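Undergrad: Any chance you could fold what I've pasted below:
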Amino acid sequence: MVLTEDKKMKIRTYGYITHKEAEHYSDCADRYAVKTENNRFAIADGVSKSFFPDLWADILVNDFVLTNKDDQFSIEKCQAEWLKQVAEKVQHPNVKWYTKNAFIRNESGLATFVTLCFEDKKWCANALGDSFLFFVPKGSTVFDDWVKLSSKPEPVVFDSFPDYYSSRNKKHGEEKSIERDLTPGTFYLMTDALSEWVFNQKEKAIDEIKKWNNQTEFERSITELRSLNYLNNDDSAILIIELEDDGNHDFTYDKTEIQSIYELVEDEKEKFIKQGTVEEKKESPIEEGEIKSESGKTIEQPQAQNNSTQQNDKKKQKKFKKALIDCKTQLKPFSKEDREKIINALCKEYGISLSD
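TA: Residues are numbered from 1 along each chain as shown. Next up is the predicted model:
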């Protein structure tokens, strides 16, 4: 059944998210966002070995849902915001050398991304990477009848090399888009671990998802699925959007239950404080010896040196000077004062003068 002019939809939305086993919510790089006023939904999976992927995923989903239908969603705008926030982070005096190093080398945050919006009796979706949108029409019980959207080619094979948006460079891969008439049914937007599970379990997976009535039930199910080796140990996030024809003349949001990652992080912090334990939060998922380029190649890290050795290494000075000049170009969205502050702080850290 396609909507006519006098029929719109009653909508119920749910969102749940959790981290890898043995990690914390503050380490989770999955993100989602919902803006009911704009009828917009988005989910993103920050690539764990990239540079501040959680921040990149967060900016992508929130900027999309806040974009009005008359405006154009802009990756370039998201990139400028990511660069501004990361530049502020690396100025902190306690930031580790390898984080500053990665910033100077123009390392990027990477993320897969799926978006959905309802406009003019139609739904429109875009996807890049191995996060998926599934639409299950009302009454459908056959996996082959579902609408499936990602940028992965068929037959779908999940691997460690997804397409992605980069926070500093061009995207990797080409988005796929779809536009259909609005009909009753349920949309599922999910990151790759859950997507692969759905492909493997098909109708059984949807039957399990229907039991997820709250965050607690979601986490219980994820733990069980991991223990049975049905689900990979990865950050996992899902948005569920149920559409029901109620003859209304507009979209009506009957129920919205979106678990906030920010609330989960704050609750986690309070728990650590009460327990007297210290949360071992990475300032960035990039760790010493773990930094990788967008091609996946591991970047060799310099050995520990004292300041005098570092300052006397002319070759290294030239290398960092060039990187700093490149970095200065990347900081064009900032005011001149902010750009000079960032560059001077990094020069001081490595004993380099741009005027040499």
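Undergrad: Spell out, range by range, the strands that occur in the stretch 201-350 of the chain.
TA: Along the stretch 201-350 of the chain, counting by DSSP state E, counting those that start in this stretch, strands occupy 236-245, 252-258.
Undergrad: Give me the buried stretch members for the first one, please.
TA: I take that to be strand 236-245. Neighbour-count burial for strand 236-245 flags 236-243, 245 (criterion: 16 or more other Cβ atoms under 10 Å). Where C-beta positions appear, they are placed from N, C-alpha and C, glycine not excepted.
Undergrad: Would you format those residues as CSV with distance to residue 161 included?
TA: Shown next, in CSV, are the buried residues of strand 236-245 (distance: Cβ to Cβ, whole Å):
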residue, distance to residue 161
236, 20
237, 21
238, 23
239, 25
240, 28
241, 29
242, 33
243, 34
245, 41
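Undergrad: quick one: which of those is nearest residue 9?
TA: Set against residue 9, the nearest of the buried residues of strand 236-245 by Cβ to Cβ is residue 243 (4.7 Å).
Undergrad: returning to what we had before: for residue 141, which of the strands of the stretch 201-350 of the chain is the nearest?
TA: strand 236-245 (16.4 Å).
Undergrad: can you give me the angle the closest one makes with strand 252-258?
TA: 170 degrees (axes from the mean of the first three to the mean of the last three Cα atoms, to 10 degrees).
Undergrad: Need the residue closest to the centroid of this structure.
TA: residue 57 (2.7 Å; Cα atoms, centre = their mean).
Undergrad: Do I have it right that it meets residue 48?
TA: No. Using Cβ atoms under 8 Å, residue 57 is not in contact with residue 48; the gap is 10.7 Å.
Undergrad: Next, show the common contact partners of those two.
TA: residue 29 (Cβ atoms under 8 Å, 6 or more residues apart in numbering).
Undergrad: Where does the prediction get shaky in the stretch 251-356 of the chain?
TA: Counting by pLDDT under 70, the stretch 251-356 of the chain has low-confidence residues at 278-335, 338-339, 341-342, 344-356.
Undergrad: at 80 what do you get?
TA: The stretch 251-356 of the chain contains residues with pLDDT under 80 at 277-356.
Undergrad: picking up where we left off before, from the buried residues of strand 236-245, which is closest to residue 64?
TA: Nearest to residue 64, judged by Cβ to Cβ, of the buried residues of strand 236-245 is residue 239 at 12.5 Å.
Undergrad: got the strands of the stretch 201-350 of the chain as JSON lines, with distance to residue 124 columns?
TA: Listed next are the strands of the stretch 201-350 of the chain as JSON lines, based on distance: least, Cβ to Cβ, whole Å:
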{"stretch": "strand 236-245", "distance to residue 124": "13"}
{"stretch": "strand 252-258", "distance to residue 124": "19"}
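Undergrad: Of all the ones you listed, which one is nearest residue 18?
TA: Closest among these, once you apply Cβ to Cβ, is strand 236-245, at 5.5 Å.
Undergrad: Point out the other helices and strands that the closest one packs with.
TA: strand 9-18, strand 30-35, strand 40-46, strand 185-190, helix 192-201 (3 or more Cβ pairs under 8 Å, 6 or more residues apart in numbering; DSSP states H and E).
Undergrad: Could you list the paired strands of it along with their orientation?
TA: Strand 236-245 has its sheet partners listed here by DSSP bridges as strand 9-18 (antiparallel), strand 185-190 (antiparallel).
Undergrad: shaky segments in this protein?
TA: 1-8, 246-250, 277-356.
Undergrad: mind redoing it with 50?
TA: Scanning the chain for pLDDT under 50 picks out 4-6, 287-305, 307-308, 310-311.
Undergrad: so where do the helices sit in it?
TA: For the chain, the helices defined by DSSP state H occupy 53-66, 75-90, 97-104, 192-201, 203-209, 215-227, 261-275, 307-312, 314-330, 336-350.
Undergrad: possible to save those as a markdown table with distance to residue 36?
TA: Below are those laid out as a markdown table (distance: least, Cβ to Cβ, whole Å):
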| stretch | distance to residue 36 |
| --- | --- |
| helix 53-66 | 9 |
| helix 75-90 | 22 |
| helix 97-104 | 36 |
| helix 192-201 | 23 |
| helix 203-209 | 21 |
| helix 215-227 | 19 |
| helix 261-275 | 18 |
| helix 307-312 | 53 |
| helix 314-330 | 36 |
| helix 336-350 | 35 |
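Undergrad: Which of the ones you listed has the highest mean neighbour count?
TA: When you average the neighbours per residue for each of the helices of the chain (mean count of other Cβ atoms under 10 Å), helix 53-66 leads with a mean of 24.
Undergrad: list the helices and strands it packs on?
TA: The contact analysis (3+ Cβ pairs under 8 Å, 6+ apart) places helix 53-66 against strand 30-35, strand 40-46, helix 75-90, strand 110-119.
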